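>>> need a structure here:
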Amino acid sequence: MDKEKAQKNLKDVLEKLHTDTDLKELDEYSRLFKKEISILKRSWAAAWLFMYYDKRENPKTQSAEKLLNKKNAGAKPAYGKPSISEKSEKPTIEINLSEEESKRLFISIGKNRRLFPREVIALIMSKTSAAREDIGMIRILDNYSFVQVRDVKADEIIEKLTGHRFRGRTLTVNYAKPKTAESDE
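From the prediction side, this is the model:
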């Protein structure tokens, strides 16, 4: 993020709010915003809208989705676009990998960092040579997650993601213990 540019864009938004905006139309948008988005998520929604505006203003800034689309040669990603409400969350298409050809990985980040399956997929695909087809079931718990990956990609994913900073955390990624050992789920 270019902080100076973002601050300038925010000032421009506020200036346009006061000078170039039809207040009746803005009031209609405001009512819809309040109706559709709970009070607890409004500041996040406003921040996401500003982030979207700021990135759209700068063609050099690319979102993870754009990078993934380039990596997949124009193919549509198998995960939903960012959304504000969990209720409107598009389901992730799950790929079932057979037990013989896959490994389960533990990742030290979960719901408490507002993590969604599509973000796990984007992270893995952006940092490794793994394709969407190499990523299977994803289970996100409060403090950590489990991801099923093709066994030929598991070591690379562990190596590339361990120590990587993501959402303010340094990730730990390793092979998950067998399901019988996970008594606290």
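
>>> In the record's domain split, what are the boundaries for this protein?
3-61, 84-181 (automatic domain parsing).

>>> those helices in the chain, which residues are they?
Along the chain, the segments classed as helices by DSSP state H run 3-19, 23-36, 42-57, 64-71, 117-127, 151-161.

>>> what packs against the longest one?
If contacts are counted by 3 or more C-beta pairs under 8 Å, 6 or more residues apart in numbering; DSSP states H and E, helix 3-19 sits against helix 42-57. All C-beta spots, glycine's among them, are computed from the backbone N, C-alpha and C.

>>> The helix it packs on to helix 3-19, inter-axis angle?
If you take axes from the mean of the first three to the mean of the last three C-alpha atoms, to 10 degrees, helix 42-57 sits at 110 degrees to helix 3-19.

>>> what is the orientation angle of helix 42-57 with helix 23-36?
Using the same axes, to 10 degrees: helix 42-57 against helix 23-36 is 120 degrees.

>>> Turn the domains of the chain into a markdown table, including mean neighbour count and mean pLDDT.
Shown next, in a markdown table, are the domains of the chain (neighbours: other C-beta atoms under 10 Å; pLDDT from 0 to 100):
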| stretch | mean neighbour count | mean pLDDT |
| --- | --- | --- |
| domain 3-61 | 11 | 79 |
| domain 84-181 | 16 | 86 |
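
>>> coming back round to it: now the helices of the chain as a markdown table including distance to Ile140?
Output for these, formatted as a markdown table (distance: least, C-beta to C-beta, whole Å):
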| stretch | distance to Ile140 |
| --- | --- |
| helix 3-19 | 29 |
| helix 23-36 | 25 |
| helix 42-57 | 18 |
| helix 64-71 | 17 |
| helix 117-127 | 7 |
| helix 151-161 | 15 |
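
>>> you'd agree Met137 is up against Gln148?
Yes. Between Met137 and Gln148 there is a contact under C-beta atoms under 8 Å: 4.5 Å.

>>> list residues touching both of the two?
Leu97 (C-beta atoms under 8 Å, 6 or more residues apart in numbering).

>>> rewinding a little: closest one to Arg104 among the helices of the chain?
Smallest distance to Arg104 across the helices of the chain (C-beta to C-beta): 8.9 Å, for helix 151-161.
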